[in-house]
Structure formats: C-alpha cells, structure tokens
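Asker: A predicted structure for the sequence below; I have some questions about it.
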Amino acid sequence: MTDDQPTTPAIEALRGTGVPFRVVRTQIAHDAEESASFQGIPLGSLLRSILVRRAANDFVFVLVPAGRRFDWPQLRAHLGTKRLSLPDQEEARAETGYERGAITPFGARRAWPVIVDATVMGLDVVAVGGGARGVNVHLAPNDLVRATGAEVLDISAPEPVDQPDHHG
C-alpha cells in the first residue's frame, strides 16, 4: 500500500494483528462477480461479512464465500439459540461503524465473535472487506482465523442458482 492512499479502521486494525495481508483497491462493484473480477480472484475467495443478531446487543460476524449462504438452522444450533436475525442497515452501521457492503470484523466498533465458513480453509487467499466500498484485504484463511480468533464451522450451502430461460 502506498503512503498516499487513505487508510481505514479495518486496515489499521489488521496492521495491529501482525498477520500478512495485502490491500486491494478497486472501483466499486455492482455485485460479487464483478468485485471478484476486479480483484483478480475466484468468486469463492470473496467473503461476505454478515452481522447476525443473537439477542439484544449481542451479535456475531459470519463470513461466508460469495455464491454460498449460511445455513440458519445450523447456525442457531451451534449458537444455542432459537432465534437469530439480521440487523437493518442503520443498526449494522451503529454496531460496526461500517456501511453495508463494507462491513468487516476488522476494526469494527465492537469485537463481536467471528465464524468463518470451513469451505474457504483450503484456499490460498480470501478477500474480506477493508472498511470502505472498493477496499478489500487479501490474506490467507489461516491468518484470517488467527487475526479474528474465529471459529471455523461448516455453516454454508451453495446459493440456489436461478435457472435461465433457454429458448431453442
């Protein structure tokens, strides 16, 4: 990263962990496929950071690769709760300090527990939000787990694929 590039709380927090990472800045993508393409990584290396509410003032970050979704019943069972929900955009910003689309566990206002989907552990690199739209950090999955103290769980399933309408 060059010195003339602005930093974010996420980048500063990552620097404090001692794990190696690389900042990748791109134009703001319209979707996950475009973001992965801009970053030169496979879609499955792009992690979405989802803030999930366990109870009032009790959250967890769930990191799942693009193209997959986390399994709600599995997550509820693991966390020992009957009810989970997603905060709205305002509450997510208040809890993390980040806008939707830039949410990351790094440098969030509170250090909520982190769960990383096990499917990414065999990858060379994963990309997580860098705290601003168009800013991502690339690091090894093991370094992500070490830096966040994450639990690694098999918690996702492939996203349902829309069947295109084929004519002749």
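Answerer: Sure, I can see it.

Asker: For the helix or strand encompassing residue 23, output the C-alpha coordinates as CSV.
Answerer: Here residue 23 is covered by strand 22-25, with elements defined by DSSP states H and E. In CSV, the C-alpha atoms belonging to strand 22-25 read as follows (Å, rounded to 0.1, in the frame of the first residue of the first chain):
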residue,chain,number,x,y,z
ARG,A,22,-2.5,-7.0,1.0
VAL,A,23,-4.8,-4.1,0.4
VAL,A,24,-6.6,-4.3,-2.9
ARG,A,25,-8.5,-1.1,-4.1
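
Asker: buried stuff in it?
Answerer: 23-24 (16 or more other Cβ atoms under 10 Å). Using the backbone N, CA and C atoms, a C-beta is placed for each residue, glycine as well.

Asker: just how off-centre is it within its chain?
Answerer: Distance of strand 22-25 from the chain centroid (Cα atoms, centre = their mean, to the nearest Å) equals 15 Å.

Asker: Show me what it is packed up against.
Answerer: Applying 3 or more Cβ pairs under 8 Å, 6 or more residues apart in numbering; DSSP states H and E, we find strand 22-25 packed against strand 126-132, strand 135-139.

Asker: Which other helices and strands does the helix or strand following it contact?
Answerer: Downstream of strand 22-25, the next assigned helix or strand under DSSP H and E is helix 32-39. Helices and strands touching helix 32-39, as assessed by 3+ Cβ pairs under 8 Å, 6+ apart, comprise strand 135-139.
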